[in-house]
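> Sequence and predicted structure are below.
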Amino acid sequence: MTHLAHRRPAVVALFLSLFLVVPIVEAGPAVAAPATRTQAAAAPSSNALEVLGNLLARLLPPPPAPAAPTLPPTVVSQVLASTVRVNGLACGVRVAGSGFSPAPDVIVTNAHVVAGNTATSVLRPDGKTLPAVVQVFDPKRDLAVLSVPGLGEPSLPVGSAATGETDAIFGHPQGQAAVRVLPATVTRHVTADIGDIYDQPGAVRQILVLNATLIPGDSGSALVNRAGQVVGVAFATASLRRATSFAVASEELAPVLAQPRGGAVSTGPCLED
């Protein structure tokens, strides 16, 4: 864990022990890959998130396991059809996260999934890999918008989460090709400066605290309610209590999707291992 000279108030201390990105273990996109190593692309550490995560683990009783997802079958089918695995090549490491489509030929994922990428693609549910261009890279909100011409997936509406509701997370844990549907209960909705993906302060954002056990590969997964609305974007889990995870609240999506989109943008430096 990197220790910073600045200090953040404990009230905003949410803990991000683990950003959920994994190495690609299957055949990746057809790119000229200078990759010389394959390992987990460790997410940036966050002292602020660690403090809150530790507080949650010590002060609150372990929550009961969320019930199995109870989303209507039509909603599950639509979300499955809108979910992709996001593949990237960053500093010689091929990594994978998750993403979803909020608009035609558009994918949203976490910024840390594509940080430092020199090549990005998405794997559709039908097994086809398509090239993607990062058009918005927001390290403060930890969100990125990708253009994927010919994506052809249904678009998901965006809504707001209510504390206590049990939703479902649609992702590609461990970079697997099949989508996993995981129940997740929203236990808190907080606003905090947890730093950006490079652990620099000044990144206030709305975050959902979830009762869910996420694992590497789930970064960028859509958190979806019974109405089929995306209410959050999964991005991390706590280390002291793995059943506590975190999502960027959907309220952060609108300003990111509203940013001008032309060609490719810089995805910043790679994250440190």
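On my side now, so go ahead. The structure displayed is predicted, hence computed values, not measured ones. Numbers count the residues shown, from 1 in each chain.
> Next, count neighbours for the closest residue to residue 215 other than its chain neighbours.
Counting by C-beta to C-beta, 6 or more residues apart in numbering, residue 215 lies nearest to residue 173, which is 4.7 Å off, once chain neighbours are set aside. Bear in mind the C-beta positions are built from the backbone N, C-alpha and C, glycine included. Neighbourhood size, residue 173 [other C-beta atoms under 10 Å]: 20.
> what bridges to residue 224?
When assigned by DSSP bridges, residue 224 has beta-bridge partners residue 168, residue 230.
> Surely it touches residue 167?
Yes: when contacts are counted by C-beta atoms under 8 Å, residue 224 is listed as touching residue 167 (5.8 Å).
> between those two, what contacts are shared?
Residues touching both residue 224 and residue 167 by C-beta atoms under 8 Å, 6 or more residues apart in numbering: 71, 231.
> now the residue nearest to residue 215: how far from residue 257?
Remark: distance between residue 173 and residue 257 (C-beta to C-beta, to the nearest Å) = 26 Å.
> Ok, residue 94 next?
To residue 257, residue 94 is 27 Å away according to C-beta to C-beta.
> the more surrounded of these two?
residue 94 (24 against 16).
> Check what pLDDT the more buried one gets.
pLDDT, residue 94: 89.
> So what pairs up with it in the strands?
Counting by DSSP bridges, residue 94 forms beta bridges with residue 89.
> average pLDDT across the top strand by length along the chain?
Across the chain, the strand with the greatest residue count (assigned by DSSP state E) is strand 180-193. Taken as a whole, strand 180-193 has a mean pLDDT of 92.
> Run me through the strand neighbours of it, direction for each.
Paired strands of strand 180-193, with direction, are strand 166-171 (antiparallel), strand 204-211 (antiparallel) (DSSP bridges).
> Now that residue 149 has come up, it's in contact with residue 107, right?
No: the criterion here is C-beta under 8 Å, and residue 149 misses it with residue 107 at 11.4 Å.
> who has more neighbours, the two?
residue 107 (27 against 10).
> What helix or strand is that one located in?
strand 106-109 (DSSP states H and E).
> For that strand, C-alpha coordinates in CSV please.
Below are the C-alpha coordinates for strand 106-109, written out as CSV (Å, rounded to 0.1, in the frame of the first residue of the first chain):
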residue,chain,number,x,y,z
VAL,A,106,-20.7,2.5,-26.8
ILE,A,107,-19.2,0.6,-23.9
VAL,A,108,-18.6,1.9,-20.4
THR,A,109,-15.9,0.4,-18.1
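> what packs against that strand?
Here strand 106-109 touches strand 83-90, strand 93-103, strand 143-147, helix 253-257, going by 3 or more C-beta pairs under 8 Å, 6 or more residues apart in numbering; DSSP states H and E.
> Turn the ones you listed into JSON lines, including distance to residue 192.
Listed next are the helices and strands packed on strand 106-109 as JSON lines, based on distance: least, C-beta to C-beta, whole Å:
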{"stretch": "strand 83-90", "distance to residue 192": "25"}
{"stretch": "strand 93-103", "distance to residue 192": "22"}
{"stretch": "strand 143-147", "distance to residue 192": "16"}
{"stretch": "helix 253-257", "distance to residue 192": "17"}
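> Which one of these lies nearest to residue 238?
strand 93-103 (18.6 Å; C-beta to C-beta).
> Could you check how far that closest one is from the centre of its chain?
8 Å (C-alpha atoms, centre = their mean, to the nearest Å).
> Using PDB, write down the CA coordinates of it.
Presented in PDB, the C-alpha positions along strand 93-103 are these (Å, rounded to 0.1, in the frame of the first residue of the first chain):
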ATOM      1  CA  VAL A  93       0.700  -6.900 -19.800                       C
ATOM      2  CA  ARG A  94      -2.600  -8.100 -21.300                       C
ATOM      3  CA  VAL A  95      -5.500  -7.600 -18.900                       C
ATOM      4  CA  ALA A  96      -9.200  -8.100 -18.900                       C
ATOM      5  CA  GLY A  97     -12.100  -6.400 -17.200                       C
ATOM      6  CA  SER A  98     -15.800  -6.000 -17.800                       C
ATOM      7  CA  GLY A  99     -18.100  -3.500 -19.500                       C
ATOM      8  CA  PHE A 100     -21.700  -2.800 -20.600                       C
ATOM      9  CA  SER A 101     -23.400  -0.800 -23.300                       C
ATOM     10  CA  PRO A 102     -25.400   2.300 -22.400                       C
ATOM     11  CA  ALA A 103     -25.900   3.500 -26.000                       C
END
